[in-house]
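K.L.:
my questions are about this predicted structure, shown below with the sequence.
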Amino acid sequence: MRTKNSEYRIGGVSCEALAEKMGTPLQIFDQEKIENRLQEYQTYFKSHRFETGVIYASKAFLCKAMLELLEEQNFCLDVVSGGELHCAKTSSFTMSRIFFHGNNKSQAELEQALEYGVGTVVLDNPEETELLISLAEEKRKRIDVLIRINPGIEAHTHKYIMTAHLDSKFGISIRKKEEIVNMIRSIEKSAFVNFEGIHAHIGSQIFDVQAFREEVRILAEFAEVLEKEDGIPVHTFDLGGGFAATYTAEDSPIPIQEACRAVLKACEEEADKRDLTLRRVFIEPGRSLIAEAGSTLYRIGFQKDTESKHYIFIDGGMADNIRPTLYQAKYNCDNISRLNEAKTVWTTVAGKCCESGDILIEDILLPPCENGDLLLVYTTGAYGYSMASNYNRLPRPAAVFVKNGNARCVLRRETFQDLEALECSDPVEI
Ligand code: LLP
């Protein structure tokens, strides 16, 4: 939001003041935007026909303040590691609403899930199925399971974030029905593990609602076969995430209401047509919930002109946002110290890391900048902080939630001492 004196505010808080108090790079989250998105999903992902649930994919961004917002709005949670599980367990989050994903969960992580009272494990392969059954029996802990099916859909997205082509490392190919039935038969014999249904996730940053309809059709077709040929009821579909967010003006994501309606309508129609026993439908948005609520504030340092480029250098880069380097992801930004000035210079925004690929934004029009100006990069809320590293021993930025003119720091800035705390010289007894 731009105010009269062109001071840029998020959630009623001046970014200038935040930079002064908290330093840069700074990850800023507009809490009200998060809350509204959560609310939207809860409002629109409803059906007269099914129980529905929205599962937040915590890999997009996770911290306890986020978990509190999710708990308040009755969200479920997708975790993929012991670390994410621990974060939920040490907050007030309801463990039975957790879905534990992952293609290589360790025995320790599965035990952790059983001990914490996780509601659902999403099984990825037969070996994991056997291990979970034996652990649940040993601990006498009940748990629901879904099986991750790979439906073989290629949603239009960057190849690194395409997870459902048939050679993907995730899930069991839909063509391996016998293997899937054998897994379910083992589960049926267990008094502690309960087969609930199937899960798929077809990719990320998907703009085409047709991809989700196709996913539903393929899962429904498969559920029909399981029910009619093998007598296995499939009560639950968990359709994964993948709904797109707006990074630049070129992106036009499916509006949430439309995406929710399309997915549920497809489920209703397929369930009717095939006479399925389907009772529950889940989706797992990550990016579309959190990306647009987040921005990163940097301070501009030196500048440089090459034969064909004008560079501005910022005090962060690929260590706090690897996405441009890894996926050629595009972002938009503003020099918020010069909001009223004309954008006349084609500028390339580069980070401070020792890697030539550390370019955050290539060729964007900005006003002429000065050392010390503040640069705000939009839509960094998803997979920015969560994929941050300490490359070049850069401490991870702080994260703040802002709302109604108030700011609270939810993740403090890492310090050199935090990094140093890992150092040791302990003999290892072999
Ligand atoms: N469910 C499952 C099983 C997933 O694997 C994912 C993402 C999601 C849900 C959430 O997807 P979303 O709604 O956020 O698209 N690091 C990449 C994205 C990797 C996504 C991996 N799985 C990026 O920065 O674009």
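P.N.:
Cool, got the structure.

K.L.:
gap between the two ends of stretch 334-347?
P.N.:
The straight-line separation of the ends of stretch 334-347 (CA to CA, to the nearest Å) is 11 Å.

K.L.:
let me fix that: stretch 197-211
P.N.:
Start and end residues of stretch 197-211 are separated by 21 Å (CA to CA).

K.L.:
quickly check: it near the ligand or not.
P.N.:
Yes: counting by CB under 6 Å from any ligand atom, the ligand has neighbours in stretch 197-211: 201, 204. (C-beta placed from N, C-alpha, C; glycine too.)

K.L.:
pLDDT (mean, whole number) over that stretch?
P.N.:
Over the span of stretch 197-211, the pLDDT mean works out to 94.

K.L.:
cool, stretch 423-430 as well?
P.N.:
Mean predicted confidence for stretch 423-430 is 96.

K.L.:
could you find the closest non-adjacent residue to Leu278?
P.N.:
Of all residues not flanking Leu278 in the chain, Ala271 sits nearest, at 4.6 Å (CB to CB, 6 or more residues apart in numbering).

K.L.:
what is the neighbour count of that neighbour?
P.N.:
21 (other CB atoms under 10 Å).

K.L.:
same deal with the one 5 residues further on?
P.N.:
Look at Leu276: counted by other CB under 10 Å, it has 21 neighbours.

K.L.:
so it, which of the three states?
P.N.:
coil (DSSP: H, G, I helix; E, B strand; the rest coil).

K.L.:
the closest residue to it other than its chain neighbours and the ligand, how far apart?
P.N.:
Among residues not flanking Leu276 along the chain, Ala223 sits closest, at 5.5 Å (CB to CB, 6+ apart). Separation of Ala223 from the ligand (CB to the nearest ligand atom, to the nearest Å): 18 Å.

K.L.:
list the buried residues in the helix or strand containing Ala223.
P.N.:
Using DSSP states H and E, Ala223 maps to helix 209-230. Going by neighbour count (16 or more other CB atoms under 10 Å), the buried part of helix 209-230 is 209, 211-220, 222-227.

K.L.:
where does the residue nearest to Leu278 fall, helix, sheet strand or coil?
P.N.:
In three-state terms, and counting by three-state DSSP, Ala271 is helix.

K.L.:
what's the answer for Gly197, then?
P.N.:
Going by three-state DSSP: Gly197 is strand.

K.L.:
show me what contacts it?
P.N.:
With contacts defined as CB atoms under 8 Å, 6 or more residues apart in numbering, the neighbours of Gly197 are 146-147, 223, 234-238, 278, 280.

K.L.:
check contacts around Gly23.
P.N.:
398, 413.

K.L.:
and it, how close does it get to Ala399?
P.N.:
12 Å (CB to CB, to the nearest Å).

K.L.:
before we move on, what about His101?
P.N.:
Applying CB to CB, the value for His101 to Ala399 is 24 Å.

K.L.:
and if you look at Arg323?
P.N.:
17 Å.

K.L.:
neighbour count: the two, which is higher?
P.N.:
Ala399 (25 against 20).

K.L.:
need the nearest residue in space to the residue positioned nearest the centre of the chain, chain neighbours excluded.
P.N.:
Nearest to the mean C-alpha position of the chain, by CA atoms, centre = their mean, lies Ala60 at 2.6 Å. Nearest residue to Ala60, sequence neighbours excluded (CB to CB, 6+ apart): Gly286, at 3.3 Å.

K.L.:
just after the lowest-mean-pLDDT helix or strand in the chain, pick out the following helix or strand.
P.N.:
In the chain, the helix or strand scored least confidently by mean pLDDT, DSSP states H and E is strand 172-173, which has a mean of 94. Scanning forward in sequence from strand 172-173 by DSSP H and E, the next helix or strand is helix 177-189.

K.L.:
direction included, what does the least confident helix or strand of the chain pair up with?
P.N.:
Strand 172-173 pairs in its sheet with strand 143-150 (parallel), by DSSP bridges.

K.L.:
ok now the strand it pairs with, how far from the chain's centre?
P.N.:
Centroid displacement of strand 143-150 relative to its chain, using CA atoms, centre = their mean, to the nearest Å, is 19 Å.

K.L.:
report the buried residues of that strand.
P.N.:
Per 16+ other CB under 10 Å, strand 143-150 contains these buried residues: 143-150.

K.L.:
same question for stretch 346-361.
P.N.:
By neighbour count with 16+ other CB under 10 Å, stretch 346-361 contains the buried residues 347-353, 358-361.

K.L.:
inside strands: which ones of those?
P.N.:
Of the buried residues of stretch 346-361, the ones assigned to strands by DSSP state E are 347-350, 359-361.

K.L.:
so the closest residue to Gly242 other than its chain neighbours bridges to which residues?
P.N.:
Computed as CB to CB, 6+ apart, the closest residue to Gly242 that is not its neighbour in sequence is Ile206, at 4.4 Å. Counting by DSSP bridges, Ile206 is bridged to Phe243.

K.L.:
I figured Ile206 hits Gly240, correct?
P.N.:
No: assessed by CB atoms under 8 Å, Ile206 is found out of contact with Gly240, at 10.0 Å.

K.L.:
of these two, who's got more company?
P.N.:
Neighbour tally, Ile206 and Gly240, criterion other CB under 10 Å: the higher count belongs to Gly240, 31 against 27.

K.L.:
burial count for the closest residue to that one other than its chain neighbours?
P.N.:
Nearest non-adjacent residue to Gly240, counting by CB to CB, 6+ apart: His201, 2.8 Å away. If you count neighbours by other CB under 10 Å, His201 ends up with 28.
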